[in-house]
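Undergrad: structural data only, the sequence is not supplied:
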């Protein structure tokens, strides 16, 4: 049963002027996404005095704008749905999926600690998770995979409970909302698409729509929060309620270091070894009058880096993601990688993620009225559905459209080396657009004018006409469609095996009357297309850590007092994306481990133990 939550009445202090120079904390956390909040919240649950520092005006990072699915095997709610799952089965799956791509000891630490991390948050905070009856691992063809139980997601949250702190949570991506800002999750979309078809869906839809417009009468935004906003809001609520401290619009510009002499036992004698320990941070904030204020704060137990990774770093992005434009990334703006730079100055080292330094999704982009660019990730709502296909610059298919978004993004980049496919074209016929929508175009087939006018949506009355609009060879596009349609009629994709795994079929159309829920003919014009680009959705390359989330130096030793989690940490998945929520789930887990280790060392220090 969900606990009773009382509304917060006071605004938490978020400005440097409100905190004196030299304040001491038990733990300082840099970055307020799911990983950072996990470290901070687990620490305050343990009785620590915690300072959470956020670079931007909002908390939540990319976690707040994501679906907030968390891959955490072995939770109570997960085992209730799938009681046959075991830790050994999870290990088998990760060994098969990731293999030598990451340290097996780190993966085992995750398997062991993940259920404990979620249990503590559910028992001691406002965090509440739910599990879907069908939410497969992406690599469902591998031994050890499951169809449900490992992916958990936050329950909806009433934003009004945050009181004056409601404005601190990063708003959702506007293009992911409907009706002028109403957040929707899978359940909502299911009922909204069936609003006029069943009484249950009509009543459900009427309830959330009425709530949305009633909220707008009294608030600046809708207050029924789902997915990422629900996750971060629940964490923020609990963090404030338990006495945590928060700074926003603050940048950490320096690590405070202390040289520590330790006794080292040698074979013949005993010597003193000097090593550095992180004991605090220097923070700066730009004031409203244009002045820059700096403060130094100390952390008795250490500093946790959870700032989101390198994706917005000016030089690292160009080095690690060559040719990938920043406007293709839907990641939050605070992922500048500057916190990692400070760790590298301390002697930290960066891991290797093999063929890719990031996780990927195909995205479509559109210029907003304010001049910014919307990057819309195509996760599961269109490209793998019947009546949809993707072609390159020659008008030919090159990828299984139903594969995971990460594998899709990798396939785009690999194919582009031989045949230009950036952008690729996601095409469909009129019935498919009406049934599923197309990117930012909503299902129903209405309101196409603005999308056609600004070029986001392309259309042609015939395949030859559409090919001319897209500058593709008409004969090749026509041949590709005819071949695809034959596969759709037969229910088997002989070129790319689309719809051949449990994961792919789960993301198809369960109500489709054809032989394959992922395959349907493209027959009825007009035909439509939108451009797809490879968008980085998070970093896989990060700081090397041990099983306690301690940052490791180039010499292979832990840097005392310095931790990393989330996308600041080298992913335990390497460059593989085997299941939904494999960034947030491990982020929460290693945030928990960082807090546990830091508080344990702090307790030992206070007790006079080394």
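TA: In hand now; what should we look at? Just so it is clear, the structure is predicted and the values come from calculations on it, not from any experiment.
Undergrad: which SSE is residue 396 in?
TA: Secondary structure from DSSP states H and E places residue 396 outside every helix and strand.
Undergrad: can I take it that residue 293 is in a strand?
TA: Yes: remark: residue 293 belongs to a strand, assigned using DSSP: H, G, I helix; E, B strand; the rest coil.
Undergrad: surely it is in contact with residue 19?
TA: No: the pair residue 293 / residue 19 is not scored as a contact, 10.3 Å apart, by Cβ atoms under 8 Å. To be clear about C-beta, it is placed using only N, CA and C from the backbone, and glycine gets the same treatment.
Undergrad: in terms of neighbours, single out the busier of these two.
TA: residue 19 (18 against 14; other Cβ atoms under 10 Å).
Undergrad: you'd agree the more buried one is up against residue 246?
TA: No: look at residue 19 against residue 246 with Cβ under 8 Å: they stay out of range, at 10.3 Å.
Undergrad: what do these two both touch?
TA: Among the neighbours of residue 19, those also in contact with residue 246 (Cβ atoms under 8 Å, 6 or more residues apart in numbering) are residue 13.
Undergrad: list the contacts of residue 124.
TA: Going by Cβ under 8 Å, 6+ apart, the list of residues near residue 124 reads residue 45.
Undergrad: so how far is residue 379 from it?
TA: 32 Å (Cβ to Cβ, to the nearest Å).
Undergrad: in this structure, where's the longest helix?
TA: helix 584-606 (DSSP state H).
Undergrad: report the buried residues of it.
TA: 584-599, 601-602 (16 or more other Cβ atoms under 10 Å).
Undergrad: which stretches of the stretch 501-610 of the chain form helices?
TA: 502-506, 584-606 (DSSP state H, counting those that start in this stretch).
Undergrad: kindly report the same for the stretch 101-250 of the chain.
TA: 104-124, 186-192, 199-218, 227-241.
Undergrad: for residue 606, which of those is the nearest?
TA: Each of those was scored for nearness to residue 606 using Cβ to Cβ, and the closest is helix 104-124 (21.9 Å).
Undergrad: just how off-centre is that closest one within its chain?
TA: In this view, helix 104-124 has its centroid 18 Å away from the chain centroid, taken as Cα atoms, centre = their mean, to the nearest Å.
Undergrad: now do it, average pLDDT.
TA: Confidence for helix 104-124, expressed as mean pLDDT, is 98.
Undergrad: contacts only, for residue 491.
TA: For residue 491, the contact set (Cβ under 8 Å, 6+ apart) comprises 499, 514-516, 519.
Undergrad: now swap in residue 255 and tell me
TA: Contacts of residue 255 (Cβ under 8 Å, 6+ apart): 278, 280-282, 303, 342-343, 345-346, 562.
Undergrad: change it to 6 Å
TA: Listed by Cβ atoms under 6 Å, 6 or more residues apart in numbering, the contact partners of residue 255 are 278, 342, 346.
Undergrad: the first one pairs with what?
TA: In other words, residue 278. Residues in a beta bridge with residue 278, per DSSP bridges, are residue 257.
Undergrad: pLDDT score for it?
TA: pLDDT at residue 278 comes out at 97.
Undergrad: wait, doesn't it sit right on residue 562?
TA: Yes: in this structure residue 278 lies within contact range of residue 562 using Cβ atoms under 6 Å: 4.4 Å.
Undergrad: so what sits against both of the two?
TA: With Cβ under 6 Å, 6+ apart as the test, residue 278 and residue 562 both reach residue 303.
Undergrad: who has more neighbours out of these two?
TA: Using other Cβ under 10 Å, the more surrounded residue of residue 278 and residue 562 is residue 562, with 31 against 23.
Undergrad: which parts of the stretch 351-500 of the chain are strands?
TA: For the stretch 351-500 of the chain, the strands defined by DSSP state E, counting those that start in this stretch cover 358-367, 373-377, 388-391, 424-428, 458-460.
Undergrad: the shortest one - contacts with which helices or strands?
TA: Contacts defined by 3 or more Cβ pairs under 6 Å, 6 or more residues apart in numbering; DSSP states H and E place strand 458-460 against helix 463-470, strand 527-539.
Undergrad: how about that strand: buried residues?
TA: 458-460.
Undergrad: partner strands of that strand, with direction?
TA: strand 527-539 (antiparallel).
Undergrad: how about residues contacting the strand it pairs with?
TA: Taking Cβ under 6 Å, 6+ apart as the rule, strand 527-539 contacts 309-311, 321, 328-330, 358-364, 375, 409, 412-413, 422-429, 433, 438-439, 457-460, 466, 470, 567, 583.
Undergrad: what of stretch 139-155?
TA: By Cβ under 6 Å, 6+ apart, stretch 139-155 touches 68-73, 75, 78, 81-82, 85, 89, 92-93, 96-97, 128-131, 133-137, 230-231, 501-503, 578, 580-581.
Undergrad: next one: it to chain centre, how far?
TA: 17 Å.
Undergrad: what is the rounded mean pLDDT of that stretch?
TA: 98.
Undergrad: now do it: distance from first to last residue.
TA: Here the two ends of stretch 139-155 are set 26 Å apart, with distance taken as Cα to Cα, to the nearest Å.
Undergrad: tell me the buried residues within the contacts of stretch 139-155.
TA: Buried, going by 16+ other Cβ under 10 Å: 68-73, 75, 78, 81-82, 85, 89, 93, 97, 128-129, 131, 135-137, 230-231, 501, 503, 578, 580-581, out of the contacts of stretch 139-155.
Undergrad: please flag which of these sit within strands.
TA: Applying DSSP state E to the buried ones among the contacts of stretch 139-155, the entries found in strands are 70-71, 129, 131.
Undergrad: the contacts of residue 491, buried ones only, as a ChimeraX selection?
TA: To isolate the buried ones among those in ChimeraX, judged by 16+ other Cβ under 10 Å, type:
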select :499,514,516,519
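Undergrad: once you drop chain neighbours, what's closest to residue 502?
TA: residue 140 (4.1 Å; Cβ to Cβ, 6 or more residues apart in numbering).
Undergrad: now for that neighbour, how many residues are close by?
TA: Residue 140: 19 neighbours (other Cβ under 10 Å).
Undergrad: Three-state assignment for residue 8, please.
TA: Per three-state DSSP, residue 8 ends up coil.
Undergrad: give me the number of residues near the closest residue to it other than its chain neighbours?
TA: Distances taken as Cβ to Cβ, 6+ apart place residue 163 nearest to residue 8, at 4.1 Å, with adjacent residues excluded. The tally of other residues near residue 163 (other Cβ under 10 Å) stands at 16.
Undergrad: quick check: the spatially closest residue to residue 237 that is not a sequence neighbour vs residue 159, distance?
TA: Of all residues not flanking residue 237 in the chain, residue 126 sits nearest, at 5.1 Å (Cβ to Cβ, 6+ apart). In this view, residue 126 and residue 159 are 12 Å apart by Cβ to Cβ.
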